[in-house]
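**Q** need a structure here:
(2 chains)
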Amino acid sequence: MFIHCLLASVILQADPSIEVRPGTRPGEVEVAASLDRHLAATLPNGAVQPKRGEALLRVSLVTNSKEPGPAIFGSYHHADGTLRFVPRFRLVPGQTYRVTYSPPKGSSLKQTYRVPLRYTQPAPRVTAVYPTATQLPANHLKFYIHFSQPMREGRDIFRHIQLLDDSGATVPGAWRRTELWNKDATRFTLWIHPGRIKQGVNLRNDEGPVLVAGRKYTLRISTALQGADGQPLIREHLKRFEARVADRRRPDPTQWIVAPPQHATRDPLRVNFRESLDRALSLRCLRVHDAKGKPVPGTATLSPGESHWNFVPSSPWNNGIYQLSVGGTLEDLAGNTPIRVFDTDLDANQLSPQVKRISFRPSP
Amino acid sequence: MLRLPTMLIALLLVSCFAPLAFAGKVLKSTQQGDPQIQTINTLSFAPEGVLLIGDGRGAQIVAVQTSDSPAKWGGFTTIEGIDTKLAARVGATTKGIEIIDMAVSPVTNVAYIAARKQDDKSQIIFTVRPGGYIGILDLTDVHYASVKLRSGDATVSLITDVAWADSQIVAAARSSEAFSSKIFSIPVPLSKKSTSKVFTAETYHVSHGRWETKAPMSVLIPIKENDQTYVVGAFSCTPVVKYRIDALKPGATVKGSSMIELGSGNRPVDMFVYEKNGKPFVLANTFRFHHKRKAFGPSPYWTVKFQQGLLAGDAAVNEKAVRRLKAGYEPATDRIEMVPSFHGVMQMDRIAGTHVLALQDTGKGLNLVALDLP
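**A** Numbering: from 1, shown residues only, chains lettered A, B, ... in the order given. As a prediction, the model looks like this:
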């Protein structure tokens, strides 16, 4: 009987061990250490204070120095002899970590874990650069660069996008270095530095303009850019264009050509701007209202070159008067709005705003 | 009449679901939980340990009640390679995080450092205590109030700065589409019903020699002059402009007075007012994007100190604004000085009233260091 009890206690007191259990998403892990009976008895079940937990079980990044770094942040929980650690942030795919279990008595256990580097989607690519026009005004203001997936953000981006002149040389200091992304980091707004566009500005006087009318340029987006998952751009993207005479006139809705649709149909309302306009602002700043002033639901699109705007209503047009309203922040490619020229002295030019509403009636 | 256990249960339920009440200057009531911050653009502190977070993608200002206990100033241990050390605590390499901004709690002297973990875009706020201990602010469970920034047609994409201005919180924001810059004002104390007012800033851009509304503001601080509240903003290329905002109606255009021109080729990063030997000064660090063309020091990050008196009055303004440099880059005045000991300072904030806590790039690495106020 005594021997059976002794044997049972030996069997029940298994050796301490550590285990790394991957989760469902890349970098998600739970680390578990099975404690010896005596140590387990000193830890109540439940959450364990980080300081105590780290003293027993820690996970650290292994770098080139081969020595593990400090313990990473996370939460500890003890239940019935198993101490669990869940990192506060996901481990980084492709990186190696050291798990160390250090009981107060007995030997330490160590284990190395490398997070698999597995990409769940293809490498990112540039899907579009706006404006798509191949002739841009010499005072062109910005580009919208669209990517196939969310991109990695960071100040370095400006080193990986260059403007080349027609000799292949990089135009230095072309960009305003403020990162402007859309909500999911699939669109980057790249500004030519306004200080080199505005006339009479010391930056332009010292450095010269970025674009010179009559010359050809290439916007180069390099493969050094990475997707959020770390994959580099699948290929370099080039946009070639020529700079033409600077545009210092406001977009004038009274000069647009509006082709009314046929009533009782869902044919598109077509508007010809007669010049390329800013894509994002054209889609945001133009609205159709009915005779009662209610917004008409529908879908707006732009033609290649962003000079034609089309609006397809959700329901057929009726026979009434509609209005196309033009927001004051609508810009052309040089940043001019219906209200003012981009390059303006507010004291010198007292311009009245251009027409902001255009009426039309569907044809019979 | 309710029995006692039922009353106690009812009281417990009410206390769980009612917003927490604070009788403070900054927060009137808060919620507890996750403020759903989408991206951290900027940090600063209001009184009473309230951390102000500018969330551009969420188009909101989030005010978080921090709960560190007050601490006496006993110095700040320099941490070499702070970026590597912060990254390691979240399991990343040095390049695996990007540091966004830093603010120091005036109550506790704890540094709050905002960073983005690059592989999964986690928004992190590290805390660094004067003794060097590194922790994090758990943004999933905080007491906070949040206020949306709304501006008509223009969408807010980036909040460039946020500051406490005595009876209000002010913030500068811009859009990723329209070339526009807005100032927002939020009355305090904050509650769930708080809203923001928006102003358009009309600025005389000294180096441009003209008025314009659209120049985006990089950094702003509040100052008081003759009992009036002003916001002082700094812009790229690099005018420092004063706006009076306490008497305006929403949607109005604020006409500023350009007081100082720090020179072209620079983008201001941080700015604050301090006192030295009883005199008020302003300290501002900038990033010089023309560093390769004409360097001002060993690093593209350089810092300038000027007398706060240069911001006073309305005589030397706009065309007569004080310029730091003459043509040929020679100093034009001794009232604006570069601070050589601050070369390489990428982010900074006051600490303990006597020092500046700085993230300083030494050329060999990034250090977190306490520098004497110049």
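
**Q** return the residues in contact with the closest residue to residue B:50 other than its chain neighbours.
**A** What sits nearest to residue B:50 in space, not counting adjacent residues and going by Cβ to Cβ, 6 or more residues apart in numbering or on different chains, is residue B:26, at 4.4 Å. Glycine gets a C-beta too; all of them are placed from N, C-alpha and C. Each residue near residue B:26 by Cβ atoms under 8 Å, 6 or more residues apart in numbering or on different chains is listed here: B:46, B:47, B:48, B:50, B:63, B:164, B:188, B:189, B:190.

**Q** equivalent analysis for residue B:289, please.
**A** Residue B:289 neighbours (Cβ under 8 Å, 6+ apart): A:173, A:177, B:265, B:266, B:267, B:300.

**Q** quick check: it vs residue A:174, distance?
**A** Distance of residue B:289 to residue A:174, given as Cβ to Cβ, to the nearest Å: 11 Å.

**Q** indicate each strand paired with the one helix or strand residue B:270 maps to and its parallel or antiparallel sense.
**A** Using DSSP states H and E, residue B:270 sits within strand B:266-276. Strand B:266-276 has the following strand partners under DSSP bridges: strand B:279-288 (antiparallel).

**Q** after the partner strand, which helix or strand is next?
**A** Trace forward from strand B:279-288 with DSSP H and E and the next one is strand B:301-307.

**Q** okay, helices next: where are they in chain A?
**A** A:2-12, A:37-42, A:50-56, A:202-207, A:279-285 (DSSP state H).

**Q** show me which of those has the highest average neighbour count.
**A** helix A:279-285 (a mean of 21; mean count of other Cβ atoms under 10 Å in any protein chain shown).

**Q** residues in contact with it?
**A** Contacts for helix A:279-285 (Cβ under 8 Å, 6+ apart): A:130-131, A:144, A:189, A:273, A:300, A:302, A:306, A:309, A:326-331, B:153, B:155, B:177-178.

**Q** pull out the buried members of those residues.
**A** A:130-131, A:144, A:189, A:273, A:300, A:302, A:306, A:309, A:326-331, B:155, B:177-178 (16 or more other Cβ atoms under 10 Å in any protein chain shown).

**Q** find the nearest non-adjacent residue to residue B:84, please.
**A** Residue nearest to residue B:84 in three dimensions, not counting chain neighbours: residue B:94, with 4.5 Å by Cβ to Cβ, 6+ apart.

**Q** again, but for residue A:186
**A** Nearest to residue A:186 is residue A:147, by Cβ to Cβ, 6+ apart, at 5.1 Å.

**Q** report the separation between that neighbour and residue B:58.
**A** 21 Å.

**Q** again with residue A:364
**A** 48 Å.

**Q** now stretch B:31-43: mean pLDDT?
**A** The pLDDT scores in stretch B:31-43 average 96.

**Q** that stretch and chain A in contact?
**A** Yes - Stretch B:31-43 is in contact with chain A by Cβ under 8 Å from any Cβ of the partner chain, via residue B:38.

**Q** in that stretch, which residues are buried?
**A** B:35, B:37, B:39, B:40, B:41, B:42, B:43.

**Q** contact partners of it?
**A** So stretch B:31-43 is contacted by A:183, B:19-20, B:51-58, B:60, B:62, B:64, B:100-103, B:112, B:114, B:116, B:123, B:125, B:139-146, B:158-162, B:192 (Cβ under 8 Å, 6+ apart).

**Q** ok but residue B:86 is inside a strand, no?
**A** No - Residue B:86 sits outside any strand when classified using DSSP: H, G, I helix; E, B strand; the rest coil, being helix.

**Q** excluding its backbone neighbours, what's nearest it?
**A** Residue B:86 sits nearest to residue B:126 (Cβ to Cβ, 6+ apart), 5.2 Å away.

**Q** for the one you found, give me phi and psi.
**A** phi -80, psi 150 (degrees, to the nearest 10).

**Q** what about the residue lying closest to residue B:73 once chain neighbours are set aside, neighbour count?
**A** Nearest non-adjacent residue to residue B:73, counting by Cβ to Cβ, 6+ apart: residue B:352, 3.8 Å away. For residue B:352, the number of neighbouring residues by other Cβ atoms under 10 Å in any protein chain shown comes to 19.

**Q** quick check: residue B:352 touching residue B:110?
**A** No - at 11.5 Å, residue B:352 does not count as touching residue B:110 under the criterion of Cβ atoms under 8 Å.

**Q** about what we covered before: of residue A:364 and residue B:58, which one has the most company?
**A** Remark: of residue A:364 and residue B:58, residue B:58 carries more neighbours, 22 against 7, as counted by other Cβ under 10 Å.

**Q** mind checking the SS state of the residue lying closest to residue B:40 once chain neighbours are set aside?
**A** Distance criterion Cβ to Cβ, 6+ apart; nearest residue to residue B:40, sequence neighbours excluded, is residue B:114 at 4.3 Å. Under three-state DSSP, residue B:114 falls in the strand class.

**Q** can I assume residue B:114 is in contact with residue B:99?
**A** Yes - counting by Cβ under 8 Å, residue B:114 touches residue B:99, with 7.4 Å between them.

**Q** so between those two, which is more surrounded?
**A** Using other Cβ under 10 Å as the criterion, residue B:114 and residue B:99 rank with residue B:114 on top: 25 against 20.

**Q** show me what the more buried one bridges to in the sheet.
**A** Under the criterion used (DSSP bridges), residue B:114 bridges to residue B:101, residue B:125.
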